[in-house]
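Asks: 3D, please:
(2 chains)
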Amino acid sequence: MNIGGLLYGAKLLDIVEFPRAEVLGPEAKDHEIKGLIERCGEVFIKPNFPGGIGKKGKAGLVGRAKDLKTALREKERLYFATHQVGNNVYKSNGVTFEGAVPAEHEVYCAISDSTRFRAPTLTLTHVGGMDIEELPKDKVVHIPFDPLTGLKSFVITNALSELNAPRQIISPLAQNLPKLWDLFHHHGMTTLELNPIRMSQKRPGALTPVACDFKCGFDRDDPRVKRLHLPNDLFSVDYSGFEQEINQLRTYQGQSDVSVINPNGTILAPTFGGGANSLVTEFLGDDAIISSDFGGNPPYEKMRDVMRICLKHWLKQSNVLFIIGGKANNTDIFVTFRAMADALREYFSAHGPTPLYVVIGRGGPNLSRGLLVFKDVLEALGLPYRIFAFDSSMTDVVRYAQTADRWMKGGGRALLAKKLGVAP
Amino acid sequence: MNAQDQFKHFFVGINSLEEIATREDRVCVLNILGNESRTVSPVSHSYSGGNVVFGTSPGRKGEVLETAVGSIPVYNNVREGMEAGHRFNVGVVYLPPAAVRDGVFELLRINTEITKVFILTEKVSVHDAREIRALAQQRRVDVFGANCLGVADAWTHVRIGGALGGDNPEETLKKGSVAIYSNSGNFTTTIASYLVSGGWGTTTSISSGKDLYIHYGPAEFVFAMDNDARTKAAVMYIEPGGYYEQHLNITKPMVACVVGRWKAKLTRAIGHAGAMAGSGDNAIAKEEWFQETFGVDGLYTPEHPIVSKRGAVVSNIAHIPAALTAVMKLNGIEPDFASEGDLTLKPWFGSNQGLSLPAELDVPLVEPIAPYRQQIADLSRQVGTAFPREPMKDRSGSSIMDAKTQVTRVSGVSILDTARYPLESNYFLALLHEHNDDNDNALCNTAIAAKVDLHGDPIAGIADVVRASGSSPNTVLSAACAAMGPGRVEGARAAADVLIDLFGHSGLHGGDQVGFDFSAIHPTQAQRETLIGSTPDAKANAMLAGLVVRRAHSVFIEYLKHLGGHPKADAVLAAITTTIGWHALMRKKITRTTARNLPWYLRLFSTILGASVPAVRHEPDRFCGVPHADLIGHWSATEIAYLALLGEEPTLEKRFPFQVLLGLIISNGVGTISAQGAKGAVSADGPETPTRVQINKAMIGFMTHTGFAHGGNGYEGVQFLIDQFSASGLKDAGDPHHGIDLAAMSKQFALAFAAEKKARKGVGDEVRNIPGINHPVFKGQPINKDPREVYLSGLFKERGEINVFHDFYSTLVQSLFDNGVTANVFCVNIDAVIAALLLKLLWPRYCSGDFRADAMETAAFTAFLFGRMVGCAGEIDDHINRGRNMDTRTPASQCTFVS
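Replies: Here you go, the predicted structure:
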């Protein structure tokens, strides 16, 4: 849940009255763009990527224009631009026009929670406008502060003194940067980064910090984010239809964290526990369709719904249904297994049989009843299976599931399909 | 060195792992009666010798949490508990995430003696974690979590917060020399269990949680480990994200398990909120930190056992025991005890389903370890399933209504589909979660028909007395049910038990199996006497004859015949119900309790149909004029219901709409008053002792929770239609050439209604509703449709059936809009469909003067009871099998006084 750019950033900064560059959205009329150029002398044209993707400038994805014709040409170039970051390719949908802010000084400022200090921490440098990682250590300060009192002016002045920052920027920053704490802390943010803040000389002798770019990340477990009334679909691009369906069942008790790893995978692995998730995701790699944590002792109805959605989306393509978790502390194995077994049985009733090898590995409360209930259903459905308990190594069970997948791919699926009387 | 000297920049109170979970610790649990806590806290409390002094749960002061070592008192808040004289130094927080911060603040501000807080809650916002950290630091309190599973000490036998070791901590937490620190709660227990297999026991096990803020971090852990003489080594399980493990001052041997290299490809956290890495804190970076500390140049694997005296790094938790043993060997330290078991692949269950699997997949099955071996053996002997018991107030495993479509599903089948099935098939759907097949229906129809005539049975007289007193149909049928108590079905239930005992492990899969070999089934004398009498039983013989006529198959009926002698009527009834339920019982879809109660449900079915008819129509040899032999040999329960209600044999054309009518009303979800009445009656009898629950009383609960407003209101729609059509000259509501101008009739009504509405509004009176139109959910569109009505219209159209009353409703809603009475086209709702169906059936008799208005109302109400009996039987059975004693009560805190 990230936001990048001033299109929404401007609205957020306005909440705390932090000065920012003028910005127009993709719907801006020609005369509005022209007016912006006239007022600012120059505009930057930036593509809108969902979720706040960085390093657009380096990728040549920031245009600049001093006349309308150039601005419109850049708009056309960047409107549906694509940008590769790591393995992911992002596609833009629209552009923003941001007024240039002439300035002598550029500042980088970020607030985030540091695991080193275990406190909210201000990262600041007066050598802004570039990647923070590329700066020498003595040009950047990381200052933890007390969240109960917040980011105070003295924290800023101390930090700038430590940096030997030019004295004319100290007072305006000390006056304005504390506003960011209100935006950060009271609206569910986990990171807030302004880079660059350009120190504009709007009035002779007085500098004003003007945010010229904006990035923030939200805590999806924090209801304060709702205070911002951001459009519902702003973050929905992050989620597939399957994930959104599962997310509707998400509660504070967890129980339904899921992410699609490989929509063409062949092992459907409902996983229980964050640790098991890490391990299974690690070992299954691209074979897995989803990465999930359904632990946290979900009640029967919820577990059945989660499983029903998983099966609806993925069972047809799956070679192996792999239900895996460690030795549960609190999750009732009988309740969760009965729910999953019922969902599987209902799927077969509604859609007919599908060739499937079932591998299960689990331990925890009510284990015997839980394993037996699944065994009975698998026998009734006529599926090949192995059920392991906590006295088998989890990683060996993962390997076993992979072996089953390979066998299914290598002709086992066809054999099983024939036995079940269905198409492979 | 103490913690204060070690940690210059932040507060740490714990000097040694020994101080984390001690016998002296006294605990207060916030939200102790919450779902998770009320399961987990009693185990922790008992394991620790009773360390919880009290818990809080707002509005539930005075309640207690029962445990094996005594009950834990509950107060509204911490202050009340302390005012009652309790003292504690440890707070455990099970609150929902939005309340966690305030809960921790409450603990810190109210109790100056607090030294440790454990937060179990998952998904605490980063915002709140920041403030918790800051205030706890200010107050000099150690916090564990959040999103952790607490701590446990195998030496002191103390577990605080969470559920390390599950419901049987002794099995996993064996006393030894290894401390565990794990980002994963589940893996804390799993690793402890793996260590046991390698001969290593534990000292203190800590589930740290893996949120962005880890309040008790690895630095604190290694410091406390250094000061703990019991701990000779440690295992750390670490996930990506955060710099907590960088620059650790590790002084004792350690195995670090770092997992999550692949996770770098994910774009968001799954499960553990803090397990997302940036550029410098991913799994590879963390592996390197540990490798540098231990002085090793790679990961330990069995093939490449890279270890040093200081430690080893693994990425597979299964390698932890071997890596630890190798490290400790270099330190000259042997395992704590002989290894218990091993971690090789040992499937407890499996099947190749006749396929030829490669050797690596065809792993032979092994016997489960103790105590699971015995549990599984016992459970395998159990016939039928068992549902976990839980509070079932406003919850149901039988029905659910979709809030969007308002369509209820019973046993997973939509009422739109149950409308296609006969009443008897739906009755068993509710009880067995699957529809009857033709053989099942032949069996149950025989049994129902054999018991529907109440001639000579006091029930008929009782019903007549109540009827004559002017009571409503539900009251009459309640009185009849009251006389169908457990004593009446004792013999049949005992017979069902005998059959289940005899055949439960015989390999019989279907009750209708032909040619089953009885040679291995040997009843005891007592069992035989339960089934077979010394003299002929007329009722039994009548049923057996009916079954022959219907060509019904039953293994159990064949078995009774095979035994020789004279089968008892109770045994025949039990054989019939056991045949129907056998498939579901063997597939563990139902419990044994349900199977042995089936005769009772069937007797109640017969009684309700029978008692709806005055005693005078119950004759020695015929019911409502139909000879018994005919009834038992040929009639379906649906037809008998029609006969009881309308006094005539239904034609094929009439049977289908009647079946649809009953199928539609079997349930409207668990929230209906009728379902609540049934469930309340079960709850009050105490379902935890299922043999004591009176199913007839539960049926009464359903009946008494219907009335003129619920169930009887179907008549409003009928009355409305009668008002419109009484002067129309209509003879047959199914005649396509009825000759009535419905548009004109609708317009006339719409204009009259508009005038009435205006007049009423003028004097401030409430405008009356038109029965059968509009719906609180299906409204607000230009043209509104109730999807249930749309479906049924389509169904009747498909069959070419005409219903002038239904058509009138469709015309009426348009006319009301066209004439400005409604703002849009209201929907025709499901009640209108029911009224139209019922009136179509009754219309000829209404026209002939046979049925007066009060008889029409009785018929409408009784039809509702016949249908709803099905859904309520399902709710009753579900609550008996899943519910807890008195679970439908409303806590006093949620009740209000109105003056």
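
Asks: contacts, neighbours, all on C-alpha from now
Replies: OK.

Asks: starting at the chain centroid, how far to the helix or strand hosting A:Arg73?
Replies: Assigned by DSSP states H and E, A:Arg73 belongs to helix A:68-78. Relative to its chain's centre, helix A:68-78 lies at 31 Å (Cα atoms, centre = their mean, to the nearest Å).

Asks: so which elements touch the very next helix or strand once past it?
Replies: Moving toward the C-terminus from helix A:68-78, the next helix or strand (DSSP H and E) is strand A:82-85. Judged by 3 or more Cα pairs under 8 Å, 6 or more residues apart in numbering or on different chains; DSSP states H and E, the packing partners of strand A:82-85 are strand A:88-91.

Asks: what helices or strands is the strand it packs on leaning on?
Replies: Strand A:88-91 packs on strand A:82-85, going by 3+ Cα pairs under 8 Å, 6+ apart.

Asks: what about the strand it packs on, average pLDDT?
Replies: Averaging pLDDT along strand A:82-85 gives 78.

Asks: and for stretch A:276-286?
Replies: Stretch A:276-286 comes out at a mean pLDDT of 83.

Asks: is any residue of it near chain B?
Replies: Yes: using Cα under 8 Å from any Cα of the partner chain, stretch A:276-286 comes into contact with chain B via A:Ala276, A:Asn277, A:Ser278, A:Leu279, A:Thr281, A:Glu282, A:Gly285.

Asks: span of stretch B:515-527 from start to end?
Replies: 22 Å (Cα to Cα, to the nearest Å).

Asks: want to throw the residues of stretch A:276-286 next to chain B into JSON lines with neighbour count and distance to B:Ala743?
Replies: Below are these laid out as JSON lines (neighbours: other Cα atoms under 10 Å in any protein chain shown; distance: Cα to Cα, whole Å):
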{"residue": "A:Ala276", "neighbour count": "27", "distance to B:Ala743": "67"}
{"residue": "A:Asn277", "neighbour count": "30", "distance to B:Ala743": "65"}
{"residue": "A:Ser278", "neighbour count": "27", "distance to B:Ala743": "68"}
{"residue": "A:Leu279", "neighbour count": "26", "distance to B:Ala743": "70"}
{"residue": "A:Thr281", "neighbour count": "27", "distance to B:Ala743": "66"}
{"residue": "A:Glu282", "neighbour count": "20", "distance to B:Ala743": "70"}
{"residue": "A:Gly285", "neighbour count": "17", "distance to B:Ala743": "67"}
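
Asks: helix or strand: which one has the residue lying closest to B:Glu766 once chain neighbours are set aside?
Replies: Nearest non-adjacent residue to B:Glu766, counting by Cα to Cα, 6 or more residues apart in numbering or on different chains: B:Arg760, 6.6 Å away. Taking DSSP H and E as the criterion, B:Arg760 maps to helix B:742-762.

Asks: backbone dihedrals for residue 17, please?
Replies: This is for chain A. Backbone torsions for A:Glu17, taken as degrees, to the nearest 10, come to phi 60, psi 40.

Asks: need the pLDDT of the residue lying closest to it once chain neighbours are set aside.
Replies: In this structure, A:Glu17 finds its nearest non-sequential neighbour in A:Lys179, 7.7 Å apart by Cα to Cα, 6+ apart. Predicted confidence (pLDDT) for A:Lys179: 96.

Asks: next one: B:Glu36
Replies: Confidence score, pLDDT, at B:Glu36: 85.

Asks: measure it to B:Leu357 for me?
Replies: 42 Å.

Asks: more neighbours, these two?
Replies: For B:Glu36 versus B:Leu357, the count of surrounding residues by other Cα atoms under 10 Å in any protein chain shown is larger for B:Glu36: 21 against 15.

Asks: and the more buried one, what does it touch?
Replies: Taking Cα atoms under 8 Å, 6 or more residues apart in numbering or on different chains, we find B:Glu36 in contact with A:Asn297, A:Asn330, B:Tyr94.

Asks: doesn't B:Thr121 make contact with the last one?
Replies: Yes: in this structure B:Tyr94 lies within contact range of B:Thr121 using Cα atoms under 8 Å: 5.6 Å.

Asks: hang on, the earlier thing: count of residues packed around the residue nearest to A:Glu17?
Replies: Counted by other Cα under 10 Å, the residues lying close to A:Lys179 total 19.
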